[in-house]
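> Okay, structure incoming, though there's no sequence with it:
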């Protein structure tokens, strides 16, 4: 079953085209890396799908329905740089925000909600930082907290905008282990990703984007030199030694 269907999606910033005629289908239980050069519209795609940025044209369905009807089944981790980390709140409170759809905006959280938030922090290895102000956390720790906020929603479909950007190696491994656990549990995850070297290790599907979909499908058959060249043009250098499933490595 396809949990997300996108048909002819277009978006712009003022008079500058950001996305044009984006069409793709995302199947349930897939872990998809969205890759493309800077300015390709990767973050804009997620924001437009989630109606955080207006679309000019196109149709989008989630689980065969609308975003409004299926919102509780969707989790979102934004780019770390788009968050006001000076906001006076601690890690536990940030995670609790992911439960507002269940609690209600004008209601106090109950003990069960707090227990869920603590469990999510434990899942990302941040239990000891529950009462720490988010401004006092490192970049990798902040990213783990935002991942916990998404996890506590117990969503079926997750969008993650560069969750591995600027994190240390241990955090990267921890995040990817969690994303693979979500996939194994039948969840669907779409990740904006910037490192071509790790695509085949991290994702079972890859979506090449440069304002429109260049290629999309299983990583094994879609992550090819031809598609990389079509997407990145001359911006990519190939490493002769070593391969990605028989294809030249890229950096």
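Alright, I've got the coordinates. Just so it is clear, the structure is predicted and the values come from calculations on it, not from any experiment.

> quick one: which helix or strand includes the residue nearest the centre of the chain?
Note on the chain: the residue nearest the mean C-alpha position is residue 160, at 1.5 Å, using CA atoms, centre = their mean. Applying DSSP states H and E as the criterion places residue 160 in strand 157-161.

> where are the low-confidence patches of the protein?
Along the chain, the parts satisfying pLDDT under 70 run over 81-83, 85, 100-109, 234-251.

> can you give me the helices for it?
In the chain, the segments counted as helices under DSSP state H are 42-49, 67-70, 91-96, 100-103, 111-123, 139-151, 169-184, 199-202, 219-222, 225-232.

> Kindly check the end-to-end length of stretch 161-174 for me.
Distances were taken as CA to CA, to the nearest Å; on that basis the terminal residues of stretch 161-174 are 16 Å apart.

> how far does that stretch sit from the chain's center?
The offset between the C-alpha centroid of stretch 161-174 and the centroid of the whole chain comes to 12 Å, using CA atoms, centre = their mean, to the nearest Å.

> which residues are in contact with it?
Counting contacts by CB atoms under 8 Å, 6 or more residues apart in numbering, the residues outside stretch 161-174 that touch it are 42-43, 46, 76-80, 124-125, 139-141, 143-144, 146-147, 175-176, 191-195. Yep, even glycine has a C-beta here, placed from its N, CA and C like the rest.

> next one: stretch 74-81
Residues from elsewhere that reach stretch 74-81 (CB under 8 Å, 6+ apart): 43, 46, 50, 62, 67, 98, 139, 142-143, 146-147, 149-151, 153, 155-163, 165-166.

> Can you turn the buried part of these into a ChimeraX selection?
Only the buried entries of these go into this ChimeraX selection, using 16 or more other CB atoms under 10 Å:
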select :43,46,50,62,98,142,143,146,147,149,150,151,153,155,156,157,158,159,160,161,162,163,165
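
> one step back: and the residue nearest to the centre of the chain, what is it in contact with?
With CB under 8 Å, 6+ apart as the criterion, the residues that contact residue 160 are 76, 77, 147, 150, 179, 189, 190, 191, 192.

> Reformat these as TSV; add distance to residue 132.
Compiled in TSV, the contacts of residue 160 are given as follows (distance: CB to CB, whole Å):
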residue	distance to residue 132
76	23
77	19
147	16
150	19
179	24
189	27
190	29
191	26
192	27
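
> Would you tell me which one of those residues comes nearest to residue 33?
Distance ranking of those against residue 33, using CB to CB, places residue 191 first at 5.5 Å.

> Based on its surroundings, how many neighbours for that closest one?
Other residues within reach of residue 191, judged by other CB atoms under 10 Å, total 25.

> what do you get for residue 134?
Per other CB under 10 Å, the neighbour tally for residue 134 reads 21.

> distance of it from residue 157?
If you measure residue 134 against residue 157 using CB to CB, to the nearest Å, the figure is 25 Å.

> what's the answer for residue 122, then?
With distances defined as CB to CB, the gap from residue 122 to residue 157 amounts to 23 Å.

> now do residue 3
Distance check for residue 3 against residue 157: by CB to CB, it reads 5 Å.

> any shared contact partners between those two?
Common contacts of residue 3 and residue 157, defined by CB under 8 Å, 6+ apart, comprise 62, 63, 188.

> and which of those is nearest residue 27?
Proximity of those to residue 27 was ranked by CB to CB; the top entry is residue 188 with 7.5 Å.

> okay, the angle between the strand holding residue 160 and helix 42-49?
Between the axis of strand 157-161 and that of helix 42-49 there is an angle of 140 degrees, by axes from the mean of the first three to the mean of the last three CA atoms, to 10 degrees.

> Alright, that wraps it up for me.
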